[in-house]
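In: Provided below are the primary sequence and the corresponding predicted coordinates.
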Amino acid sequence: MRRIRRGMALALLLCLCCLAAGAETPAYTYEKTGDGTVYDSPTLRYSIEVGMLDGTKVYVSRIWMQEPGKQILKAGSAWHEHLAEAQDLAKKMPRAALIINGSGYVSPLYPEIPENYPGSSEDYYFTPLGSIAVTNGELLRNLPGVPYYGLTLEADGLHMYNGADNGEVLAREPTQTWAFYEQCPLIADGASILDRDWAFAGRKAIRTVIARVDEHNYVILTVTSAHGLTLSTCTDFLLREFHPEWAFNLDGGTSGALIRRKYGKKKQVLVYGSRQKVVDIMAFTELPQD
C-alpha cells in the first residue's frame, strides 16, 4: 500500500512539474501600485487600478454596464472645422461617469491617410479616420470599396470590425463609430491578430486600448508617460490578464485622455491627459431613466 501511495505521489509531483515547465512566462512585468476611483451604481460600475507595466505607469479601468448599447456615448468635434479638448467634449455629457479619447484623426499636423482613401489629405482634415463615420445615428462618411477597421456601437454594445464591407457594417444600424488605422484591431476571437512586423506596433508610445471581455464587461488600458509601451506589450498583457473577445487601439500619444466622475458628484476630473485636442471621445454613463 505504501508503495502504491508513493507511486501516486511521485506521479502527481511529475504532473505538477510538467505543468509548471509548460506554463508560459509572461512577456512583461506588471505590478499593481494603487487603486483609483470606484464607481458603483445599479446600472454602471467601474474601478480604476494603477499599476506599473514594464516600468511604465498605466491605468487599468474595468467597466460593467447593464445595457452597454444604451450606456456608451460619443461626442465629437465640429466636423471638418476644428478639433476640441477631450475635457470640453466631456462637458457635453454631464451624466458621463468615465470618458476616454476616441478615434484617430487627420489634421495638417498629422495629414497621412491610407492609400485606398479617395481624394487628398485635405479632404479629411479635422475628421476621424475610417471608411465609415457615424455620430448619433447620422452617417457622415461612407467610402464604398474601402473596408472598415474600427468600432461600432450597436444595440448590444460595442463591436469591432477588422476589414469588413461597409454594407455589412451599416446593415447593423450602428449609432456611433470610432476608427483608426487598419492595423489597430489587436485581438479578435480571443487571440492576437496584431501585425508585430508593423513598425508602429514595436514603437513605445502613450496608448489607449479598449477590450471587450463579454457583453457587459470592458477593460480600458491607459498607458502614460513619454516612454510608453509597444502594442505588442499591450496585447500580451490584455490577453493574459483578461482573455477578451477583442481589443482595439484607439488614438494615443498626446491625445490620450482618461476622465472620471465620482458617484453622486457632478465634477468631471482629468485622471490622465494633456490639453491636446481630439476629434471625438467615448463615454460611459448610467442607464438613462425612462
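Out: Arrived safely, thanks for sending.
In: Leu151 is in contact with His159, isn't it?
Out: Yes - because the distance of 6.9 Å satisfies C-beta atoms under 8 Å, Leu151 is recorded as touching His159. (Each C-beta comes from the backbone N, C-alpha and C, glycine too.)
In: Settle it for me: which of these two has more neighbours?
Out: A side-by-side neighbour count of Leu151 and His159, using other C-beta atoms under 10 Å, places Leu151 first with 28 against 17.
In: While we're on that one, how confident is the model there?
Out: For Leu151, the model assigns a pLDDT of 98.
In: Kindly report the same for Gly202.
Out: Looking at Gly202, its pLDDT reads 84.
In: Contacts only, for the spatially closest residue to it that is not a sequence neighbour.
Out: Residue nearest to Gly202 in three dimensions, not counting chain neighbours: Thr230, with 5.3 Å by C-beta to C-beta, 6 or more residues apart in numbering. By C-beta atoms under 8 Å, 6 or more residues apart in numbering, the residues touching Thr230 are 201-205.
In: residues in contact with Val219?
Out: Counting by C-beta under 8 Å, 6+ apart, Val219 touches 60-63, 210-211, 213, 238, 242, 244.
In: coming back round to it: give me the subset of the contacts of Thr230 lying in helices.
Out: Using DSSP state H, no member of the contacts of Thr230 falls in helices.
In: how much space between the most centrally placed residue in the chain and Asn101?
Out: Note on the chain: the residue nearest the mean C-alpha position is Ile210, at 1.7 Å, using C-alpha atoms, centre = their mean. Ile210 sits 10 Å away from Asn101, going by C-beta to C-beta, to the nearest Å.
In: picking that back up, filter the contacts of Val219 down to the ones in helices?
Out: Members of the contacts of Val219 lying in helices (criterion: DSSP H): 238, 242.
In: tell me the helices in the protein, going along the chain?
Out: Using DSSP H, the helices of the chain run over 2-22, 68-71, 86-90, 166-170, 231-242.
In: Least reliable of those by average pLDDT, please.
Out: When the helices of the chain are compared by mean pLDDT, helix 2-22 comes last with a mean of 46.
In: related to what we said a few turns ago, the residue nearest to the centre of the chain and Asn217 touch, don't they?
Out: No - assessed by C-beta under 8 Å, Ile210 is found out of contact with Asn217, at 11.7 Å.
In: Now Asp195. Its backbone dihedrals?
Out: phi -80, psi 100 (degrees, to the nearest 10).
In: Which residue, other than its chain neighbours, is closest to it?
Out: Nearest residue to Asp195 in three dimensions, chain neighbours excluded: Gln183, at 5.3 Å (C-beta to C-beta, 6+ apart).
In: now swap in Gly157 and tell me
Out: That would be Pro68: by C-beta to C-beta, 6+ apart, it lies 3.2 Å from Gly157.
In: So which of the contacts of Val219 is the closest to Pro118?
Out: Nearest to Pro118 among the contacts of Val219 is Ile210, at 28.8 Å by C-beta to C-beta.
In: Let me know the pLDDT of the residue lying closest to that closest one once chain neighbours are set aside.
Out: Leaving aside its sequence neighbours, Ile210 sits nearest to Ile220 (C-beta to C-beta, 6+ apart; 5.2 Å). pLDDT, Ile220: 98.
In: List the contacts of Ile220.
Out: 59-61, 63, 100, 208-211, 258.
In: And those, which is closest to Gly76?
Out: Of the contacts of Ile220, the one sitting nearest to Gly76 (C-beta to C-beta) turns out to be Ile100, at 13.8 Å.
In: Quick check: bridge partners of that closest one?
Out: Beta bridges link Ile100 to Leu258, Met282, judged by DSSP bridges.
In: What about it, how many residues nearby?
Out: Counted with other C-beta under 10 Å, residues neighbouring Ile100 total 29.
In: before we move on, what about Ala133?
Out: Other residues lying near Ala133 total 26 when counted by other C-beta under 10 Å.
In: Just to check, it is in contact with Arg141?
Out: Yes - judged on C-beta under 8 Å, Ala133 makes contact with Arg141 at a distance of 3.9 Å.
In: on that earlier part again, would you mind measuring from the residue nearest to Ile210 to Tyr28?
Out: Distance from Ile220 to Tyr28, counting by C-beta to C-beta: 18 Å.
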